[in-house]
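Engineer: any chance you can model this:
(chains A, B and C)
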Amino acid sequence: MPEGHTIHRLAQDYASYFKGTPTHVTSPQGKFSDAAALLTGAHLTHTEAHGKHLFLGFRDPENTDWIHIHLGLFGKVTFGATPAPPPTETVRLRLANATSYVDLRGPTTCTLITDTEKQAIHDRLGPDPLRTDADLKAAYKRISRSRTTIAALLMDQKIIAGVGNVYRAEVLFRHHIDPYRAGRDITPTEWNAIWADLVALMREGVRNNRIDTVRPEHTPEAMGRPPRVDDHGGEVYVYRRATLPCHLCGTEISTADLAARNLFWCPTCQRN
DNA sequence: TCCTTATGTACAA
DNA sequence: TGTACCTAAGGAC
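Structural biologist: Prediction:
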């Protein structure tokens, strides 16, 4: 579920359902109870995403408290209309107002933090293709100096924030780049193209709340093959398509372990 | 009903 | 590099 596009979409959705309304905050599961008690009745004033980190701001006259959420691998968020059903035991955080509720389950992080602590998180994250303040040159500076593979670098949140295993695999396929190439062998032209593509793909991901990367001319309809949508909800070239034929050349898609994650690529199309 | 897997990260050794 | 953490869905039996 969660790459950067999911988190930016959540920032929008939390705001549209809860911003400016008195909000009842609870932690049915208990791990966020103390903070929830402090916040309940407060107004959600601001929501923000940086990479895979979500910040929900509750301003009092003095300063802003932030709920910092990171979904990790399993975290899920579900919105609904009131009346809210009784929460299940796994709900870490529930916000509820007169019209809506939202439940958070299974996050890696859900804590109450200050402005200063929030800034520290921004400071250790790289540029996010979905943020207007993103500096793609800062990312390239680090990539162009690194002997590490581009596949690993794209997953490093200090270098670029928000890209996960799906966007990593797909953007490398779309640019015909061998995932094992060293960062320092990526040219400025290639990096600019990768970045621009990530901006476009991830914006579409926010809009549709899913990851689709297949160009119109390569869709199942256009290519005369049966549609196949992955469990993650979108149509892709290589992600989780190991041993299936490449949409473009028919070669079997490869898979390998890279830094404890599954990497997918087409050994024929991605030889540059 | 059990086992595996997953779009992630932090920490220990 | 390995492991711990958090949850739920799908597949094997």
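Engineer: what sits against the residue in the stretch 101-250 of chain A positioned nearest to DNA strand B?
Structural biologist: Nearest to DNA strand B, among the residues of the stretch 101-250 of chain A, is A:Gly164, at 2.1 Å (Cβ to the nearest atom of the strand). Placement of C-beta: from N, CA and C, glycine included. Contact partners of A:Gly164, counting by Cβ atoms under 8 Å, 6 or more residues apart in numbering, are A:Pro2, A:Glu3, A:Gly4, A:Lys52, A:Met155.
Engineer: switch the cut-off to 6 Å
Structural biologist: A:Gly164 sits next to A:Glu3 when contact means Cβ atoms under 6 Å, 6 or more residues apart in numbering.
Engineer: skipping its backbone neighbours, what lies nearest A:Trp195 in space?
Structural biologist: Distances taken as Cβ to Cβ, 6 or more residues apart in numbering place A:Leu136 nearest to A:Trp195, at 4.4 Å, with adjacent residues excluded.
Engineer: burial check on the one you found, number of neighbours?
Structural biologist: One way to gauge burial is a neighbour count; for A:Leu136, by other Cβ atoms under 10 Å, it gives 18.
Engineer: show the backbone phi and psi for it.
Structural biologist: phi -60, psi -30 (degrees, to the nearest 10).
Engineer: that one and A:Ala196 touch, don't they?
Structural biologist: No. Under the criterion of Cβ atoms under 6 Å, A:Leu136 lies out of contact with A:Ala196, with a separation of 8.5 Å.
Engineer: for the closest residue to DNA strand C within chain A, what are its contacts?
Structural biologist: As assessed by Cβ to the nearest atom of the strand, DNA strand C sits closest to A:Gly106 within chain A, at 2.9 Å. Taking Cβ under 6 Å, 6+ apart as the contact definition, A:Gly106 lies against A:Phe74, A:Gly75.
Engineer: same deal with the one 3 residues further on?
Structural biologist: Each residue near A:Thr109 by Cβ under 6 Å, 6+ apart is listed here: A:His70.
Engineer: for it, give the beta-bridge partners.
Structural biologist: On DSSP bridges, the residues paired with A:Thr109 through beta bridges are A:His70.
Engineer: quick one, helices of the stretch 101-250 of chain A?
Structural biologist: Read by DSSP state H, counting those that start in this stretch, the stretch 101-250 of chain A holds these helices, from start to end of the chain: A:115-124, A:136-143, A:150-155, A:165-174, A:188-208, A:220-223.
Engineer: return the most buried member of those.
Structural biologist: Each of these was scored by mean neighbour count; the highest is helix A:165-174, a mean of 24, by mean count of other Cβ atoms under 10 Å.
Engineer: if you look at it, does any of it touch DNA strand C?
Structural biologist: No. Using Cβ under 7 Å from any atom of the strand, helix A:165-174 never reaches DNA strand C; the gap is at least 13.8 Å.
Engineer: show me what that helix is packed against.
Structural biologist: In terms of contact count using 3 or more Cβ pairs under 6 Å, 6 or more residues apart in numbering; DSSP states H and E, helix A:165-174 is assigned the packing partners helix A:188-208.
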